[in-house]
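Chemist: Would you be able to build a 3D model of this:
(2 chains)
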Amino acid sequence: MSWSNENRNEYINFTEKHKNIFIFFLLAFLFLSAKLFYLQVIKGSYYKNISEHQRLHTTHERAFRGLIYDKNNKLLVDNITNYVALFYPFEQQYVPTEESIEKLGEILHKDIKKSIETGWRYGRVVKLAEDLTMNEAFKIQENKLFLPGITVVKEPKRICYDSVENAHVIGYVNELRSEELENMDNSELKTGDIVGRCGIEQSYDKYIRGKDGGLSFEVNAKGRHNKTFDYEAPVIGNSVYLTIDNELQKVAYKALEESSTGKGAAIVLDVNTGAVRAFVSCPGYDVNKISYVKEYRNYLRDKKLPFFNRCIQALYPPGSIFKIVTFTAALEHLKHNPYIVENCLGYFELGDRFYSCSLKKGHKKLNLIAAMAYSCNIYFYKLGLELGVKVIDEYAKKFNLGKKTGIDIASEKNGFVPTPEWKKAKMKIPWLKGDTAILAIGQGALWVTPLQMANLMSAVAANGVSYKPYFVEKIKDSVTNKIIYTHEPKPNEKIELSQYTWDNLHKSLEAAVDYGTAKRTKFEKLKVAAKTGTAENPHGDDHAWVVAYAPAEKPEVALAVIVENGGYGGQVSVPVAREILKKYFNIVEEEPEEQKEKYKQNFKNKKNSKKNKSKIVTGKRTKNVKR
Amino acid sequence: MSNDNQSIFTKIIKNTDVTFLVSLFYLLFMGFCAIYSAGFSGVNSSKYLTTQTAALVIGSVGMVFLASFNYQYYKHFYKFIYVCSCLLLVSVLIFGLEIKGTKGWFKFPFFSFQPVEITKIILILVLSAFIDTHWKEIKKLSVFIKTLLITFGHFAIVMLQPDFSSTLPYFPITLVLLYIAGAKVRYIFAVILYGGLAVLIPLLTTFFKLQPELLKNNKVLNFFVSAPSDWHNAAIIFGSIILIIFIIKWFLNKLRIPVGWTYLVIFLFLIFAGSFSSVVVEKSLKEYQRKRLIVFLKPEIDSRASGYNIIQSKIAIGSGQIYGKGFLKGTQTQLGFLPEQRTDFIFSVIGEEGGYIFSQLTIIFYFLFVWRALVVAKHSRDRFGSLIAAGIATMFAFSGIINMGMVMGLMPVTGLPLLLLSYGGSSMLSSMFAIGILISIHLRRFY
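Modeler: Numbering: from 1, shown residues only, chains lettered A, B, ... in the order given. Presented below is the predicted three-dimensional model:
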């Protein structure tokens, strides 16, 4: 049969080795089978997933974000179409090939190498060029064969009209970064999605954001399209109708810009609903240019802090405006008769210190109504000491100071009302009588936002009734045109004071316009109630405040204006308020020449006026307190 | 039992080993399906199938011819065959066509031909004949070395092309033949140790150099990796190896296990020789080749270059899951993610489109095929036949193990085709010739 008969021993030896070889092969093939089983059966779905992933590409067609209108249906924010060249990497090719870079450079007449290195990336997708013209976009499509992996997609671009004036209301948009997404609990969003960054764009993002569409298609290993699977058209976001009046915004911004320092804030609230009619923080920034790195850096470097939303983020001492609170507290708590006359000598002695009045020579004899109108500090020092810090704090909190107004945009500040406990804990010194005295005229560690002041004035105007300020009146579905959201006024807790107190307060505020510090808001046909303030600022020049409501008989709007480091409220802020009121009530009266001259002079004199600050050297330190 | 008057066809059919035949047909069929599928999305989809069919037809004719030819004649003029095969290999160096940097092809009007595939079979015949004629002295070192030199002759010429991957089957075939013929196992181990060191040192160095972070954090590893290029480190390592060996020797003596000094000296010599040869190996292999050979251990470290093929192949096989994606429906294959799908990675095509069922069947039938070849070796009428059959079985077995191991990420990417399945006229021809010789041995087992 075989050679076994000839060489028995040899053959046995051979069969033994033969068997070993056989076993060796058997084990090797078993090992292969085991690995095969592992790959296909155990890890099968894992690899299936990878293979699907590398074969299917999805292009995103971004949805247009919703449009934003102002109160008068004027379009504030719109979209334009921007053509963008993207590179979709395919296996072994993570950057465009040299030839395609050259070819694309030829079409666009610029070097795109740099944008590949530094450009925007969406996962593995690289943005090669943006703002393409139609012609360029078509040329790229025509040369598709020479540009593997390169696609032109339409991308909406947000444009904002009157962007500087409305910057702090509207906010801006940009792409969501992956590290931000990690901290968010939102499965709808993904890296690279456009989201609102502040203002309305941010707080109403889920309404404004549309639904992205896209094209999913199969690519081969060389990155060429093989076939398209399905196309989903993007859906535009909802339209948002704001309460603000664009024209009023522009007037307010212009007036602030032309004020002495060009820094400040102006807010106009509808007394009856809380609707924000104007909301200006000056200086603003150009929302449309924020995506350009250079512009962005310039804004960041600007000493005037254009990104700082002074309406809700800035904290100022209210100064004399706080006298409204002291006034009501005195009438309610002390049953103080506002017609009691005090004698103002221009200074006030408490312990070893002197506290001055706004008028160095003193207001002489005056009652509380006149003290409000002239913003006499002495009267209020006395009232403050009589009331005590507890009662003042209680009334400050009644007027919603020290807490957010609840406006519908983000990053609002709380403000602060100091208490003796706080001072003790923070500074390790007990609360002194002097602290109470200066608290009564709105100084010390009292911090408010301009919006809080506007809201306070709105409550004063409506006898204690006020609403949470809001921007968005209604939201309309852009496709079906149905209204999907309407704002319901949200009242704050009513400030319960006697009608007698309200009447006297209104009388005193009207008096301030009539013959007091806010004389410059006096109109022939419109009765205005206002209070000015000059807030002492430990870090620089004083802030000029004014709050007002009008018409005094039947209030419609309340406003607050602050010019940062502006100086005297009555001289710097009141003209701004006057411009706003003129615009709001459409007053076209010809002003007397003389008065106009006077205003101009006041603008010019602002530096001189600062020098005239009254200074009284007290025993320990210099203290100057203004109206 | 058999009749000399019977025609060769009747003989073949009468002596047909059903298992062998079924395995062969299954493998050929799967190969054709996979080649068709691999070329399906291309321009010349039928071109490859035509070439392969032509090679199969010619190969079958050759197979019948070789089956009818008595294999025992080869023994008488094996020296002549050897010289002829060497001349063939030399002539391709002179007249050959260069493809992808390898001068290993004869160009003819309608086809090109790779002689190294045929010389592989000739080498098996020559080695078997040499061992068979010297079987009595097989335990002698001189015969062992002479056998190695025969292989080295071919190896050296092929490496001049240079075609490293084609020479790979030489080593297992030679060693298996020597082992099965009864050569001393320690000689074989010595060769494996020497060869292993010579190849592994440069490859592992390359592997670790691909992972700079790992080297940065691991001082010990860094020391070893820098040894081949830094004589100080190398000297320290050799010194410690010598020390360790002496400690082991001393320890074994304590345990009263006598170990001769000669063994130790030879062992040390092999380590030195292997390490020094590694320098030659490092020089002869280009960097990308070294990377490709070792990256299978961790393809992710170089996923876009040397590891790409393995990653894509594993994805292709794995994504086939149990039932496969269906004939012509494999996305990895049809969309071109899978590289070299017609040749080296043909098994991945089967894995993706046929799923676990068909690929496991392929492994099983491949093994059955090898097993039947080994059975032929066992039942051969003489030692020469046994050696040839064992050599051929080894050739197929290693082709299967190395290729399928490679596509599944178990073995280095060597570019070795899967015999009987991969596209390639020359390898198909040589496989059919080898089968012809096997049949010849099988037919003549009784007389």
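Chemist: Residue numbers of the stretch 201-350 of chain B in contact with chain A?
Modeler: Counting by C-beta under 8 Å from any C-beta of the partner chain, the stretch 201-350 of chain B comes close to chain A at B:304-305, B:308, B:312, B:314-322, B:331-332, B:335-337. For glycine as for every other residue, the C-beta is placed from the backbone atoms N, C-alpha and C.
Chemist: same thing but at 7 Å, please
Modeler: B:304, B:308, B:314-315, B:317-322, B:331-332, B:335-337 (C-beta under 7 Å from any C-beta of the partner chain).
Chemist: Out of these, which sit inside helices?
Modeler: Among these, the residues falling in helices (DSSP state H) are B:308, B:314-315, B:317-320, B:331-332.
Chemist: What does whatever residue of the stretch 501-627 of chain A ends up closest to chain B show for phi and psi?
Modeler: Closest to chain B within the stretch 501-627 of chain A is A:His539: 50.5 Å, counting by C-beta to the nearest C-beta. The phi and psi values for A:His539, taken as degrees, to the nearest 10, are phi -100, psi 0.
Chemist: What separation do you get for it and A:Ile429?
Modeler: Applying C-beta to C-beta, to the nearest Å, the value for A:His539 to A:Ile429 is 21 Å.
Chemist: Those two - which one has more neighbours?
Modeler: Remark: of A:His539 and A:Ile429, A:Ile429 carries more neighbours, 9 against 5, as counted by other C-beta atoms under 10 Å in any protein chain shown.
Chemist: The more buried one: what's it in contact with?
Modeler: A:Ile429 sits next to A:Lys423 when contact means C-beta atoms under 7 Å, 6 or more residues apart in numbering or on different chains.
Chemist: In a strand, it, correct?
Modeler: No: counting by DSSP: H, G, I helix; E, B strand; the rest coil, A:Ile429 is not found in a strand; it is coil.
Chemist: Out of the helices and strands in chain A, which is least certain?
Modeler: When each helix and strand of chain A is scored by mean pLDDT, DSSP states H and E, strand A:616-617 comes last, with a mean of 37.
Chemist: Could you check which helix or strand contains the residue of chain A found nearest chain B?
Modeler: Evaluated by C-beta to the nearest C-beta, chain A has A:Tyr47 as its residue closest to chain B, separated by 2.6 Å. Assigned by DSSP states H and E, A:Tyr47 belongs to helix A:44-55.
Chemist: Show me which residues of that helix are buried.
Modeler: A:44, A:47-48, A:50-51, A:54-55 (16 or more other C-beta atoms under 10 Å in any protein chain shown).
Chemist: Out of the ones in helices among the residues of the stretch 201-350 of chain B next to chain A, flag the one nearest to chain A.
Modeler: Nearest to chain A among these, with distances taken as C-beta to the nearest C-beta, is B:Gly318, at 2.6 Å.
Chemist: Might you report the residue contacts of the closest one?
Modeler: A:39-40, A:43-44, A:46-47.
Chemist: Using a markdown table, lay out these together with pLDDT.
Modeler: Below are the contacts of B:Gly318 laid out as a markdown table (pLDDT from 0 to 100):
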| residue | pLDDT |
| --- | --- |
| A:Leu39 | 94 |
| A:Gln40 | 94 |
| A:Lys43 | 92 |
| A:Gly44 | 92 |
| A:Tyr46 | 91 |
| A:Tyr47 | 91 |
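Chemist: can you give me the helices for the stretch 501-627 of chain A?
Modeler: A:569-584, A:593-611 (DSSP state H, counting those that start in this stretch).
Chemist: any idea which of those helices scores lowest on pLDDT?
Modeler: Mean pLDDT is lowest for helix A:593-611 among the helices of the stretch 501-627 of chain A, at a mean of 55.
Chemist: Please name the nearest non-neighbouring residue to the residue of chain A closest to chain B.
Modeler: B:Gly318 (2.6 Å; C-beta to C-beta, 6 or more residues apart in numbering or on different chains).
Chemist: A:Ser478 now?
Modeler: Nearest one to A:Ser478, counting by C-beta to C-beta, 6+ apart, is A:Ile236 at 4.7 Å.
Chemist: and A:Asn73, helix, strand or coil?
Modeler: coil.
Chemist: Repeat that for the one 10 residues further on.
Modeler: Secondary structure for A:Tyr83, judged by three-state DSSP, is strand.
Chemist: close enough to count as contact, it and A:Lys139?
Modeler: No: counting by C-beta atoms under 7 Å, A:Tyr83 stays clear of A:Lys139, with 11.0 Å between them.
Chemist: What parts of chain A come near chain B?
Modeler: Proximity of chain A to chain B is confined to A:1-3, A:13-15, A:17-18, A:21-22, A:25, A:28-29, A:32-33, A:35-36, A:39-41, A:43-48, A:50-51, A:54-55, A:91-92, A:218, A:220-222, A:226 under the rule C-beta under 7 Å from any C-beta.
Chemist: I only care about these that end up buried; give me the ChimeraX line for that.
Modeler: Those of the residues of chain A next to chain B that count as buried under 16+ other C-beta under 10 Å are selected in ChimeraX with:
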select /A:2,3,14,15,17,18,21,22,25,28,29,32,33,35,36,39,40,43,44,47,48,50,51,54,55,91,218,220,221
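Chemist: among the residues of chain A next to chain B, which are in helices?
Modeler: Going by DSSP H, the helices hold A:13-15, A:17-18, A:21-22, A:25, A:28-29, A:32-33, A:35-36, A:44-48, A:50-51, A:54-55 from these.
Chemist: circling back to that earlier point, between the buried residues of helix A:44-55, which sits nearest A:Ala255?
Modeler: A:Gln54 (60.2 Å; C-beta to C-beta).
Chemist: any weak-confidence spans in the stretch 201-350 of chain A?
Modeler: A:222-229 (pLDDT under 70).
Chemist: Can you check which strand is longest in chain B?
Modeler: strand B:102-107 (DSSP state E).
Chemist: Show me what the helix or strand following that strand is packed up against.
Modeler: Downstream of strand B:102-107, the first helix or strand assigned by DSSP H and E is strand B:112-113. Helices and strands touching strand B:112-113, by 3 or more C-beta pairs under 7 Å, 6 or more residues apart in numbering or on different chains; DSSP states H and E, are strand B:102-107.
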